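**Student:** Everything below, folded, please.
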Amino acid sequence: MRLAKIKLPFKLRKSVLALGPQGKNTVCFAKGSLAYLSPVRNNLSDPEDFLAFTKAAKYFLKKDPKAIAYDLHPEYQSSKFAAHLSPITYHLSPIQHHHAHIASCMAENGLKNKKVIGVAFDGTGLGADDALWGAEFLICDYKKFSRVAHLKEIPLLGGERAIREPWRLAAAWLYLTYKEKFLSLKINFVKNLDKDKWRILEKMYKIRLNSPLASSMGRLFDAVGALVLEKKNAADEAELAVELEKLAAGCRPEATGYDFNLLKDRDGYTLDPAPAFKQIVSDSKNNQPKSKIAYKFHLTVAEMIRKTCIALKKKSKINQVVLSGGVFQNKLLLRLSLDLLCKEGFRVFVHRILSSNDSGISLGQAVIAGMRR
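**Tutor:** This next block holds a predicted model:
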């Protein structure tokens, strides 16, 4: 088994075996100032991948870790594996998904245990409140975090089926923006919408049947992709996001993106993209090039990051920003975000050795568990 080795910027309090997430899984063993990561396994629901995961986990268990770190999600195969280990033999340490994302990037970049503004954008991960998170701004160090801003939640109509049928996500955002009036919008997406199917989904949402709320940037990209590309389905989770990025990359850069609201509430800030959806609809009605709409959307998300980080810096006095999560595999979004943040004087850290996707989660889990008492 070939292992990737990461030099940590500190010595851990104890040795840790981190079991990683469900998809893009790696297992990490960390001791002292070194961490070792197993090869990536695409999905632990696959029997062959799960077998490779168990072999890697058992290999590292022989090295006598003192703590076992794993994801909060109880249905992940890696979390179920941890549940069968003895709490007498090991200290079992559940780690929040997005905190692990940020911690992995911090460790990779050699950051000490100082607070950062962490921006974690991905599909979904279980939050500390048992809700689905995926567009998160955290104030955190290696030991703890606080969720200080996030994207407005959207209902995943039909649960995971909404990922395979992203038209549901686009329709949900339009419904949240326009209510029932969205069905009269003069755009191709609405013209081609199966109204009978939508009525069923609307009823599901109103009675909260199989419609979990998620603050997910990955799902926002899916929704805009379905709207702009006029595609109903996706074979892969990030398929429409990849197509949207390719489309935007061929556009002459725009000076401004779309509008959005940064709303202050009791717990921090909420980003509401409703104004952006109204402007995307307007551009679609006026036959603006799809590439232009796609680029302006990417710039909008980068502006969301810039504006939120400025607001958080004013309150926290923190100038270091860490970007992690699968959405930042989008090179255009990453470049736009880096440009805007650096112009504001932020020190920005991104993944350079590991991927920003879930394959780095286990490293984050290991350093968090290893630094806690």
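
**Student:** chain center to stretch 179-193, what's the gap?
**Tutor:** Distance of stretch 179-193 from the chain centroid (Cα atoms, centre = their mean, to the nearest Å) equals 29 Å.

**Student:** Going by neighbour count, which residues of it are buried?
**Tutor:** Phe182, Leu183, Leu185, Ile187, Phe189, Val190, Leu193 (16 or more other Cβ atoms under 10 Å). No exception for glycine: its C-beta is placed from N, CA and C like everyone else's.

**Student:** Span of it from start to end?
**Tutor:** With Cα to Cα, to the nearest Å as the measure, stretch 179-193 spans 15 Å from end to end.

**Student:** Just the residues contacting that stretch, thanks.
**Tutor:** Taking contacts as Cβ atoms under 8 Å, 6 or more residues apart in numbering, the residues outside stretch 179-193 that touch it are 167, 170-171, 174-175, 178, 195, 198, 226-227, 230, 232, 281, 284-285.

**Student:** Val327: which of the residues you listed is nearest?
**Tutor:** Using Cβ to Cβ, Ala226 comes nearest to Val327 of the contacts of stretch 179-193, at 16.4 Å.

**Student:** In CSV, could you pull the C-alpha coordinates for stretch 121-139?
**Tutor:** What follows is stretch 121-139, C-alpha atoms only, in CSV (Å, rounded to 0.1, in the frame of the first residue of the first chain):
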residue,chain,number,x,y,z
PHE,A,121,-17.8,24.7,-0.1
ASP,A,122,-18.9,21.3,-1.2
GLY,A,123,-21.9,19.1,-1.8
THR,A,124,-23.2,18.2,1.6
GLY,A,125,-21.8,17.1,5.0
LEU,A,126,-23.6,16.6,8.3
GLY,A,127,-23.5,19.7,10.4
ALA,A,128,-23.1,20.1,14.2
ASP,A,129,-26.9,20.7,14.3
ASP,A,130,-27.7,17.5,12.4
ALA,A,131,-28.7,19.6,9.3
LEU,A,132,-27.0,19.3,5.9
TRP,A,133,-24.2,21.8,5.4
GLY,A,134,-22.2,22.6,2.3
ALA,A,135,-21.5,26.4,2.0
GLU,A,136,-19.9,27.3,5.3
PHE,A,137,-17.9,30.1,6.8
LEU,A,138,-16.1,29.0,10.0
ILE,A,139,-14.0,30.8,12.6
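
**Student:** From Ala170, how far off is the residue nearest to Glu230 when sequence neighbours are not counted?
**Tutor:** Leaving aside its sequence neighbours, Glu230 sits nearest to Asn188 (Cβ to Cβ, 6 or more residues apart in numbering; 5.3 Å). Note on Asn188: its distance to Ala170, by Cβ to Cβ, to the nearest Å, is 12 Å.
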